[in-house]
Each structure stands twice: as C-alpha cells, then as structure tokens.
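Engineer: Fold the following, please.
(chains A and B)
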Amino acid sequence: MAGRGERRFLKNMPGWRASFNPWILKLPNNPERLAFVLHRVTGILLILILFLHITVTTTPATRGWEFWVEEIRKAQGITPVTLYFFIFAGIAIFHGLNGIRLLLVEFLGCCVGKPEKPKPPYISATLKAPQRTLLYIVFALWIILWMIAGYIIFT
Amino acid sequence: MAQALKSAAKYPPKTVRVKIKRYSPETGREWWQVYEVETYRGMTVLDALLQVKEKRDHTIVMRYSCRMGVCGSCGMIINGTPRLACQTQVSMVASEENPEITVEPLKNFPVVRDLLTDFTSFFEKHRKVKPYLIRRDTQEQENPKTEYRMTPEELLEIYPYSLCISCGLCVSACPVSASDEGFLGPQALAQLWRYTADVRDEAWRERLEIADDENGALKCHFAASCSAVCPKAVDPGGAIQMLRSALLKYKLGLWKKRKISEPVPPLEPTGEKVPLPPEAQTLPGVDLEAMEREPVVIDASKLLD
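Structural biologist: Purely as a prediction, here's the structure:
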C-alpha cells in the first residue's frame, strides 16, 4: 500500500497469462491468437517430451533390451504408451505445420495483406489475406494427420 | 464497423448496468463499481460514462476528447474487448438479456486512476522509431521550395499505416506487450515500417537497425490481435510481417529500398487553358472572354463601406 500522500501507478499487465490463455481478451475475428497460444503451449510440451523421450530411451541401457522389446510388443491398442505417442503426434504435427506457416508469413512476408484503402466494414487487410486460408489449412491438416497418426498408433 | 451499423439501427435496453473497474493511486485499492444508466437510441459507451460522471459520480476519471473516433483518447476494454468508447454503441455491447457493460482501463498500460492510463512509454517508443521523414539533404528539407514526387501507387503502400490515431488498442491486445515492457509494440513498429516504406524517406537503414534491436520486430509472434482490434484498419500485424521480411532480406544483403523520390522541379506556366466542360453554362451577363482580357479587380475597401 502506498504511503499517505504518495501516488503510484497500477501495473496492469497480464504477463505470461496472455501467452497461454486465448480468452484473456474477447477478440473477434482473430483465430491467429488461438494458433499463437497453441504454438507456445505445444512448444513447451515438446521440450518436456524431449526430456521424457531421453529418459524413456535410456531403458534398454538400464533394464536391458529384452525388457524394452517386450514393452514395445505389448504396446497394442489403447495403452499408456500408445496414448503418449498419440498425444506426442498431435503436439508435434501442430507445432510443425504452424511453424511452416509462421516461417512463410513472418520471414518471407508471404500471404500477408497488401496495404489498401480502408473502407467499411474496416477489417485489416491481413485478416482477409491468404494467410487466413493458410491458417485454416493448418488446422484442417492437423486434425486429419492426427487422426491418421492415431489410426497407425492404435492399430 | 459492420456490427456498429447494424446495431445503430436497433434500440439498446432501456437501462444498462455500467460496471466500471476503479483504482485509487493513493491507497492502491482496485474495485468494481456499478451504475444504472438510462439509455437512448445511438448512445455510445462514452455517452454512458459521461452520464455517470455528470449525474451519479463526479470522481470517475477517464480521458476523452473528440467523441468521434479521431483523437484516440478514449480507448478502454469494454466487455473484454479493447475498443474506443466513442465508437462503441451501447446496443453493440448490451442487450435485453444481458444489460451489463464492463469497462476497464486498457491493459499493458500503467493505470493512473480508474480508466485513465499513462501513455508516456507508448509515445517514447513511438519517438524511438523516428516517425518523420529524414532526407540526406537537410538544407532542402528544412527550406523546401517544392514537394517530393510520389505516385498514387506509392502513396497507397503507406496510406493505411498513416491513419494510425495512436489510441493504444493494438498494444493493449498484444500478448507480447503483455509480458515484455521493453517490446516496441505494434503501433511503433507499424509506424517504423510506414516511414521505411515511404519513397520520400532516406533513413531506411537507420530504421531497420532499430527494428533489428532485441526489443524490435523479431519479438512479434504474429498473434494478429493488433490488427483485429484496430479501429482504423491500420493493420499493424501485416506491417510488422512486411518489416520482418524486409529485415531478414536486408541482413542477408538482398533488400534495398527500390526507390527514393526526388523533389519535383518547379512547375513552369505553360499557358494552356483548361476548357470548360460542354455542359457548363455561364450566368447571364457574364462574358468569360471579356473577363480574361480585363481581369475583374475587387476593391476590398469598397466592400467594407
């Protein structure tokens, strides 16, 4: 609390929550924000999975190849191992596809809206540009490829 | 805006509950305060706030000026969306089913009191990108005799970005500005690109170096929220991606400003006359040819009599 007569400004910044909560603000016509949040979340999960992957792949060294081969052989249908692979596939596919979109848009300036004279209904050019179609393609491909990966993993 | 046009035709609820987030800098206390406001057709959220201030509670602090979406002073978060209060109709954000309007100060700006935010850092960042034309020939720029050549196509390349009213809605919506105070922000970076892309400007290398800073364009992650909330369709998100693309190519030695315009030489009188269109008719008693031979001189002193 500020002292008597002393005034202080309120720091009104949501901080990291803005990067993980797409609904911290109600932003109409902004699926790019959802992609931004998903990209961050999947990026962090990929780092965590990397460490998990390193731990898991040391199993043959610690418990022997027979144990490893037996565990892999048992991973048929819905088991914790296949579920892990299914989730990993979803994370990796989205991060990869969206990463390609971001490389195209951010570094090559591809599919970004060209400057135009604003006219009603005053929607920014980039929100109507082909990058939006690219984003929908990323979402659609993600679901399709994830389903295919699920089919392969679980069968 | 389409939504605004649609909602302008309908009536808002007879009364709305305006829920204002308040802050006292003396005590550091934050609280929500609710006021009932009687509405009328065409009432904006700014009108509702002013009605509260005039009739209910004089202590509410906010900033506003033009009341017509030109000055960019009344940016606030209305029902969770950064908007200009003067351009937001009550009927857009309140209905008979939900007659409540929440009003908060813009996020990512320090709050001075209630709805009033401090824009000092915002304008410092704006100043940092040198938002003015820079020429090598400073003498010519300081004492111009003519203007710089610019085609309509070249103007269009920067025109939408020049419509920025510095309302701060883009910065308020930006998730990077939310976690990084040093980030230049969408407004400053869009203005950086606006002057870099301007054919009349010669300081593009200088500006690209500013954009290449650790707090510059590379911190943008293209959430495009800035473009989604911009009330003037300035498209800061698109401008920053073009800036990043140019920056990458510049660093690889592949980008150079295509054209720098030169001052237009003074126009010489050609003596050519612009003919009147065939449908133009002079008033009775007016002889154009006689007027050309003897120009009409109006004595101002006689007019005063």
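Engineer: When you work out contacts or count neighbours from here on, use the C-alpha atoms and nothing else.
Structural biologist: Fine.
Engineer: Not counting residues beside it along the chain, what's closest to the residue in the stretch 51-200 of chain B that chain A sits nearest to?
Structural biologist: Closest approach between the stretch 51-200 of chain B and chain A, counting by C-alpha to the nearest C-alpha: B:Ser179, at 3.9 Å. Spatial nearest neighbour of B:Ser179, chain neighbours left out: A:Gly15 (3.9 Å); criterion: C-alpha to C-alpha, 6 or more residues apart in numbering or on different chains.
Engineer: what's the strand or helix carrying A:Leu102 packed up against?
Structural biologist: According to DSSP states H and E, A:Leu102 maps onto helix A:80-102. Helix A:80-102 makes packing contacts with helix A:31-56, helix A:130-154 when contacts are defined by 3 or more C-alpha pairs under 8 Å, 6 or more residues apart in numbering or on different chains; DSSP states H and E.
Engineer: Surely A:Ile153 and A:Val81 touch.
Structural biologist: No. Counting by C-alpha atoms under 8 Å, A:Ile153 stays clear of A:Val81, with 9.8 Å between them.
Engineer: Tell me if I am right that B:Ile20 is in a strand.
Structural biologist: Yes. Assigned with DSSP: H, G, I helix; E, B strand; the rest coil, B:Ile20 falls within a strand.
Engineer: So which residues of the stretch 201-305 of chain B form strands?
Structural biologist: Here the stretch 201-305 of chain B has no strands by DSSP state E, counting those that start in this stretch.
Engineer: near chain A, which residues of it show up?
Structural biologist: B:221-225, B:227-235, B:237-238, B:241-242, B:244-245, B:248 (C-alpha under 8 Å from any C-alpha of the partner chain).
Engineer: So what touches stretch A:60-70?
Structural biologist: A:Thr59 (C-alpha atoms under 8 Å, 6 or more residues apart in numbering or on different chains).
Engineer: Can you dump the C-alpha atoms of it in CSV for me?
Structural biologist: Output in CSV follows, covering the C-alpha atoms of stretch A:60-70 (Å, rounded to 0.1, in the frame of the first residue of the first chain):
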residue,chain,number,x,y,z
PRO,A,60,17.5,-50.6,-22.7
ALA,A,61,20.7,-49.4,-21.0
THR,A,62,19.2,-49.6,-17.5
ARG,A,63,16.8,-52.6,-17.8
GLY,A,64,18.0,-54.5,-20.8
TRP,A,65,16.9,-54.9,-24.4
GLU,A,66,14.6,-57.8,-23.6
PHE,A,67,12.5,-55.7,-21.3
TRP,A,68,12.4,-52.9,-23.9
VAL,A,69,11.4,-55.2,-26.8
GLU,A,70,8.7,-56.8,-24.6
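Engineer: Give me the distance from it to the chain's centre.
Structural biologist: 33 Å (C-alpha atoms, centre = their mean, to the nearest Å).
Engineer: Just say helix, strand or coil for the residue in chain A positioned nearest to chain B.
Structural biologist: Chain A approaches chain B most closely through A:Gly15 (3.9 Å), counting by C-alpha to the nearest C-alpha. Secondary structure state of A:Gly15, per three-state DSSP, is coil.
Engineer: which residues does it contact?
Structural biologist: B:178-180.
Engineer: now it: how far from B:Cys174?
Structural biologist: For A:Gly15, the distance to B:Cys174 equals 11 Å [C-alpha to C-alpha, to the nearest Å].
Engineer: so where is chain A shaky, pLDDT-wise?
Structural biologist: Along chain A, segments meeting pLDDT under 70 span A:1-5.
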